[in-house]
Structures are given as structure tokens and as C-alpha cells.
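S.K.: Coordinates for the following, if possible.
(chains A and B)
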2 protein chains.
Amino acid sequence: MIQKLIKNIRKTNTPIVVGLDPMLSYIPEQIQKAAFAEYGETLEGAAEAVWQYNKKIVDAVHDLIPAVKPQIAMYEQFGVPGLTVFKRTVDYCKEKGLVVIGDVKRGDIGSTSAAYATAHLGQVSVGSQKLTPFGEDFATVNPYLGTDGIKPFLDVCREEKKGIFILVKTSNPSSGEFQDRRIAGSSEASILSNTDKSDLAGAAGKPLYEMVGEKVAEWADTCMGDTYSYVGAVVGATYPEMGKVLRRVMPKSFILVPGYGAQGGKAEDLVHYFNEDGLGAIVNSSRGIIAAYKQEKYASYGAEHFAEASRAAVMDMIRDINHALEQRG
Amino acid sequence: MIQKLIKNIRKTNTPIVVGLDPMLSYIPEQIQKAAFAEYGETLEGAAEAVWQYNKKIVDAVHDLIPAVKPQIAMYEQFGVPGLTVFKRTVDYCKEKGLVVIGDVKRGDIGSTSAAYATAHLGQVSVGSQKLTPFGEDFATVNPYLGTDGIKPFLDVCREEKKGIFILVKTSNPSSGEFQDRRIAGSSEASILSNTDKSDLAGAAGKPLYEMVGEKVAEWADTCMGDTYSYVGAVVGATYPEMGKVLRRVMPKSFILVPGYGAQGGKAEDLVHYFNEDGLGAIVNSSRGIIAAYKQEKYASYGAEHFAEASRAAVMDMIRDINHALEQRG
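M.R.: Numbers count the residues shown, from 1 in each chain, chains lettered A, B, ... in the order given. Have a look, this model is predicted:
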């Protein structure tokens, strides 16, 4: 699937991903009204509104972008009907040729992680059948439980040629609370490192996110596609200096970069998340695209033409990111 | 809800929780056959088998125990039909008077964590309605993203009188990979501590799990029930020495203890997870209870009487845990 991601990036000539993270408050009144008229003010009604909204946005932008990233929490908040629409969205985007990154941030002990890996990337055996529960192409994974929480995902990635992005340094303001903590004695740590980072590790030791990054590099080595690994990492756009270091720590991993736009990350800060080959990163924008019509810049489209506003916002984002990459030379 | 948990523990006179983590391989052939006959070898068929299995176990043990802990991954692996049965299981257990701990291990950046908190503990607004997506009483939460990933859960806990258990030290073999790393300079860390642990923090600093435990204690202080907080912690039975330390670090938090039985944790190791008042911990067993009929000890029940085997296993577990607590004096 990493091959398909690279192919799609080359085809569209842009390394961006649109986050399909619908809040009801983003969805134009008329779509909500129509859905409630059919299903009532129920979870089904809300889910239907989400589906109609998603579908129009995907129809409007799918030819411009390589991938989408539905955030499952936004569907889970509408219970089972919400998750039905999550699945419908995954299927629809795949039909349109898009790579689908399920932003699920799952992670647990071994046997439970295996169930999550099956749920999102694999197939489950039922009697003599092999069935696909959700069937995303990639999933995001939380590393707090260590290798035996990650390994079942690696197994499914190899078997199904799917991929994962492991949380390394997240984009939120308090991500440093644990992730930035310096690990005592880690300058002599026995963990395998692919790059010479002795200059980066002061006497106080490396930060935790870097240690997680080193593990990602190890795991990535065991799941290689042609030039990049099936195993990528999440590194927030809001911490560009750390992104620069982590790029070197995980040379074969794609970096999924949230935090551009609405959260404050700027295109010029993101160039160091890419490798020399122009690949190696994919930049996400959610609210900035799907709720573009609510911004002053795109307000002239009006709520009725929200999907065209999203298309305009995608084109502006492509220009912005590609311009920064060209400037880098 | 922490009040109800304590009330249920007092009523049943036992601090245990049964993990409803069904694998198809645990479910007796005849239940699978009946479900497949009705729904085919489909996700619906698998989910129906899980539901029939769960229902019989809950019917057999509900009067003996204060709480259940369905592991959502085991339902998610059967897609939308699986999650429908997760919800049905939650509802059924609540009807039976049980406290339901949704083992979901969610956690994300602020606005996304808010959606997860709504999904599992809260209510979602749809038009003029307030609806309940999944409606567990407690949820487990991953702390890797720091305070702004936790805060939305605290808000919902206060509003709905629900609770969370935050992963501090997990029961799996590789949990130490990141969780046990010693944090440089943390003996002088500015993080508020309620207990004098200067003797525990060597020159190399405190381990990460202890630092997370200290944050749990802080968060717990902001969400108090009568004597215990709505905010608890997960500490594996497989690391009793760490459990002893963490008991002191988080005096007002209930500790949810996985890893008893099948994973190797022993009753006598668990007494230090409890406070002097005999409360403060709740010990989980999943496979050891729900698949008891597969153990030699309970094999005489046979697959047909699997639920009675589960009841016998619960009674043995109660004896084992209560005996260890009495020995402690």
C-alpha cells in the first residue's frame, strides 16, 4: 500500500491528505435538515448528514489528492450508525482510487492489538470465510505499550501489504508532557540506531519521542516496500525542529504530518519532513479543507457551495506546500 | 459512577471484574453453528455468536461480581455488526446492575479526545436531542498525548459522573520498553507530588510510568467522588513491585488490574494494589473466566455448560483474591 501511496503522490504531484473529520457544526444546515427529515434527530440522522457531507467533499476533491484520513472518533461519537458511515466513507474513497488512512490511534497488548489490526487492516476468519471488517489501507497506532503492542500490526502489514503510522511526536500543545521527557543514560542506550546522532544527545539523554522514533526505524526495517517501509510515523507540523531530527532518525518511514493550517503549522516549516527524493512525508489538513466555506477567505462560496470551497482550499494548500518544496530546491 | 462501583464491590464483597473479550475460538461450536445457520458465515453471524455467548456468561455470573470490562477490539474485529453487539452487551450488563468498564484505550488531541469521550461516556447533541452513543460507565484511556488528550475525558466525567482508567503501567511483557525509561532530572521535577517519594527516585530519575502516575494523581484531585476519584489507573498484575509504588503515588485512584490468571499475576502479589480500607483496586480476569471450560480444571463441565464453568471460575477467583486480602490482615 506504500507503493500505492507513492504512486498516488506522483500522479497528483502533491503530498497532501485531506482529513475527513466531520463535526455536525461543520455541516451546512440544509444537509442536516434533509437527513433529520428522513431519519429524525437520531444517531442515524446525524450519520446520514455526515455521509452526505463527506460524499460531496470527496466528489469535489478526489482527483486532486492522493489520500484521505478519516478520524474515526468523529464517527464513533454517533455510535453504531456513525461507524456504519465510517465504513461507507472508507469504501467510497477506495472506489475513487484514494489511499485511506484510518486515523484510529489504536494500540493494546499483543492479542488485543491483533484484533485491532484485523479490524482495520486485515481480514477476520468466520467459519470458512475471510471477511473484511473496516478495510482501511493504513492505520495510526499508539506506541505506549511497546513492541508487543506493535508487532501484530506489523504481521498484518506484511500479510496484507498494508501500512501503519506510529505516533512519535503529536501536534497538540501538551504533547511534550511525556513525549519530550529526556531519558536518563540514553546517549549510551543499546537501542539500535541507523544514524549518527551522538551530537543530538546531550548529557541529559534523548527525548522519549526520539527513542520511539528509533524503534519505528527498527520496525520499519522489518517491513520494507521498494524504497519506503510500510511503517511510518506521525510527527506534528507544529514542532518543525523535532521533525527535522526525526526525519534523519527514520529515513525509510513516511511521516504523516498533522497540524498544518488550523493548528498553526506552516508550509516552509515542513520541508524538512521530506527526504531529498521529494518523498517521505504527507501533510494533513482537516478543518481547513472540509470546513473551508466557514473561513473568511472562502466565505463567498456560501454554505450551499461548501464542496467547491473545499476544492479551492485544496488547490491553495497544494500551491502552498509545493511552493515551499520548490523553494527548498 | 465511582460510587456505584464501590457500592457494587461492597454488595458482592469482592473487587473483581470479568473481561468480556470474546474470541470466536472460545465460543462453543453449537453456538457458532446456530448463529451461522441464521445469519450465514458473515460478520453478522460472528457477532450473533458473540452475543449469545456473552449473554449466557453474564446471566451465569452477574450476581457474583461488581463489574464487567468488555474489550472493544474483540468486537471491532467483526466490524459494524461486532460493534452493534458491543453496544448490546454494554446495555445488557447495565440492566443487570453491573458497572461497565469499556476497555477502549482511546486518546487523541483535544477535540478528537472530546469526540471519544462523548462516544463512550457522554451524550451527543443531534438537533434538539441528546443521544447516548455507547454509554459505558468507565473507559480506559491512553496518556501518550498528555493533558490536552485527557482533559476532555475529565470534563465528561464531571458532567456525567462517569470515570476513566488511564494506562500507567500495562501488563504486557514489553510494557517497560517506554514506560520504564528513567526520566533525566526527574528527582527535581516540578510536577506536583502528593507523597514523599524522594527515596524512590535515584540519581537516574523516576521511570516514566511513575511520572504518568503523578499526573494521574493530579487529574484525580480535580474529579473527586466521596472518597475516591472518578480518575483511576491501569497497572498490570504482572509488575507487583511497581504496583506497590504506584498505589502510594495515586492514593485516591482506583487501580484497574489486568494480568491476573492467564497472564501470570498472582493474588498474593495484588494485595498491595489495595488501600488500607480494602478498596482502591479491582482485579480483572478475561480468558480465565469466559473460556474456563477449556481449562483442565473445569473441563468436566463440557462445552455445553460453559457458562456454569465460568461461574465456578468466578467463585474460585473470588476465594483466591479474598483469601489473599485476608492474609494481608
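S.K.: list the buried ones in stretch A:65-74?
M.R.: A:65-74 (16 or more other Cβ atoms under 10 Å in any protein chain shown). Quick note: C-beta positions are derived from backbone N, CA and C, even for glycine.
S.K.: Which elements pack onto the worst-scoring helix or strand of chain A on mean pLDDT?
M.R.: Taking mean pLDDT, DSSP states H and E as the measure, chain A has helix A:267-270 as its least confident helix or strand, at a mean of 93. Helices and strands touching helix A:267-270, by 3 or more Cβ pairs under 8 Å, 6 or more residues apart in numbering or on different chains; DSSP states H and E, are helix A:240-249, helix A:306-328.
S.K.: Show residues contacting the very next helix or strand once past that helix.
M.R.: The first helix or strand that comes after helix A:267-270 along the chain, using DSSP states H and E, is strand A:281-285. By Cβ atoms under 8 Å, 6 or more residues apart in numbering or on different chains, the residues outside strand A:281-285 that reach it are A:5, A:9, A:15-19, A:66-67, A:69, A:237, A:247, A:254-262, A:270, A:273-275, A:313, A:317, A:321.
S.K.: hmm, back to that, buried residues in the least confident helix or strand of chain A, which are they?
M.R.: Applying 16+ other Cβ under 10 Å to helix A:267-270 flags A:267, A:269-270 as buried.
S.K.: so where is the stretch 151-300 of chain A shaky, pLDDT-wise?
M.R.: The stretch 151-300 of chain A contains residues with pLDDT under 70 at A:187-204.
S.K.: From A:Arg106, how far out is A:Gln3?
M.R.: Going from A:Gln3 to A:Arg106 by Cβ to Cβ, to the nearest Å gives 24 Å.
S.K.: same check, this time on A:Ala119
M.R.: Per Cβ to Cβ, A:Ala119 is found 8 Å from A:Arg106.
S.K.: Identify the contacts common to these two.
M.R.: B:Ala73.
S.K.: distance between the least confident helix or strand of chain A and the chain's centre?
M.R.: 18 Å (Cα atoms, centre = their mean, to the nearest Å).
S.K.: again with stretch A:247-259
M.R.: Worked out by Cα atoms, centre = their mean, stretch A:247-259 lies 12 Å from the chain centre.
S.K.: tell me how far the ends of that stretch are from each other?
M.R.: 17 Å (Cα to Cα, to the nearest Å).
S.K.: in it, what counts as buried?
M.R.: Of the residues in stretch A:247-259, those with enough neighbours to count as buried (16+ other Cβ under 10 Å) are A:247-250, A:252-259.
S.K.: Which stretches in chain A count as helices?
M.R.: A:2-12, A:29-39, A:43-61, A:73-76, A:79-95, A:110-121, A:147-160, A:176-179, A:208-221, A:240-249, A:267-270, A:287-290, A:306-328 (DSSP state H).
S.K.: Tell me which of those sits most buried.
M.R.: Each of the helices of chain A was scored by mean neighbour count; the highest is helix A:73-76, a mean of 27, by mean count of other Cβ atoms under 10 Å in any protein chain shown.
S.K.: A:Ile31 touches A:Gln52, doesn't it?
M.R.: Yes: here A:Ile31 reaches A:Gln52: they are 5.1 Å apart, a contact under Cβ atoms under 8 Å.
S.K.: you'd agree A:Gly82 is up against B:Phe134?
M.R.: No: shown here, A:Gly82 and B:Phe134 do not form a contact pair, counting by Cβ under 8 Å, at 10.1 Å.
S.K.: how about the residues of the stretch 151-300 of chain A near chain B?
M.R.: Residues of the stretch 151-300 of chain A found near chain B (Cβ under 8 Å from any Cβ of the partner chain) are A:167, A:170-179, A:181-186, A:204-205, A:208, A:211-212, A:215, A:258.
S.K.: quick one, what contacts A:Gly107?
M.R.: For A:Gly107, the contacting residues are A:113, A:116, A:141-145, A:149-150, B:105, B:142, by Cβ under 8 Å, 6+ apart.
S.K.: before we move on, the earlier item: wait, which of the helices and strands packed on helix A:267-270 is closest to B:Gly225?
M.R.: For B:Gly225, the closest of the helices and strands packed on helix A:267-270 is helix A:240-249, at 39.1 Å, according to Cβ to Cβ.
S.K.: Give me the contacts around the closest one.
M.R.: Here helix A:240-249 makes contact (Cβ under 8 Å, 6+ apart) with A:168-169, A:193-195, A:197, A:200, A:207, A:209-210, A:213-214, A:216-217, A:233, A:235-237, A:255, A:257, A:265, A:269-270, A:272-275, A:280-281.
S.K.: Which residue comes closest to A:Asn54 once chain neighbours are left out?
M.R.: Distances taken as Cβ to Cβ, 6 or more residues apart in numbering or on different chains place A:Thr89 nearest to A:Asn54, at 5.1 Å, with adjacent residues excluded.
S.K.: pretty sure that neighbour is in contact with A:Gly19, am I right?
M.R.: No: with contact defined as Cβ under 8 Å, A:Thr89 does not reach A:Gly19; the gap is 11.9 Å.
S.K.: list the residues that contact both of these two?
M.R.: Common contacts of A:Thr89 and A:Gly19, defined by Cβ under 8 Å, 6+ apart, comprise A:Pro70.
S.K.: With pLDDT and distance to A:Thr42 as extra columns, can I get the contacts of A:Gly107 in JSON lines?
M.R.: Putting the contacts of A:Gly107 into JSON lines (pLDDT from 0 to 100; distance: Cβ to Cβ, whole Å) gives the following:
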{"residue": "A:Ser113", "pLDDT": "98", "distance to A:Thr42": "33"}
{"residue": "A:Tyr116", "pLDDT": "98", "distance to A:Thr42": "28"}
{"residue": "A:Val141", "pLDDT": "98", "distance to A:Thr42": "33"}
{"residue": "A:Asn142", "pLDDT": "98", "distance to A:Thr42": "32"}
{"residue": "A:Pro143", "pLDDT": "97", "distance to A:Thr42": "37"}
{"residue": "A:Tyr144", "pLDDT": "97", "distance to A:Thr42": "36"}
{"residue": "A:Leu145", "pLDDT": "97", "distance to A:Thr42": "36"}
{"residue": "A:Gly149", "pLDDT": "96", "distance to A:Thr42": "36"}
{"residue": "A:Ile150", "pLDDT": "98", "distance to A:Thr42": "38"}
{"residue": "B:Lys105", "pLDDT": "98", "distance to A:Thr42": "28"}
{"residue": "B:Asn142", "pLDDT": "98", "distance to A:Thr42": "30"}
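S.K.: Distance of A:Glu326 relative to A:Ala267?
M.R.: Remark: distance between A:Glu326 and A:Ala267 (Cβ to Cβ) = 11 Å.
S.K.: returning to that earlier point: any chance of the buried residues of stretch A:247-259 in JSON lines with distance to A:Ala303 as columns?
M.R.: What follows is those, written out as JSON lines (distance: Cβ to Cβ, whole Å):
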{"residue": "A:Arg247", "distance to A:Ala303": "40"}
{"residue": "A:Arg248", "distance to A:Ala303": "45"}
{"residue": "A:Val249", "distance to A:Ala303": "44"}
{"residue": "A:Met250", "distance to A:Ala303": "42"}
{"residue": "A:Lys252", "distance to A:Ala303": "44"}
{"residue": "A:Ser253", "distance to A:Ala303": "40"}
{"residue": "A:Phe254", "distance to A:Ala303": "35"}
{"residue": "A:Ile255", "distance to A:Ala303": "35"}
{"residue": "A:Leu256", "distance to A:Ala303": "30"}
{"residue": "A:Val257", "distance to A:Ala303": "29"}
{"residue": "A:Pro258", "distance to A:Ala303": "26"}
{"residue": "A:Gly259", "distance to A:Ala303": "27"}
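S.K.: before we move on, back to that, model confidence score at the residue nearest to A:Asn54, please.
M.R.: Confidence at A:Thr89, expressed as pLDDT, is 98.
S.K.: Repeat that for the one 4 residues further on.
M.R.: pLDDT, A:Cys93: 98.
S.K.: Surely it and A:Ile101 touch.
M.R.: No: with contact defined as Cβ under 8 Å, A:Cys93 does not reach A:Ile101; the gap is 9.9 Å.
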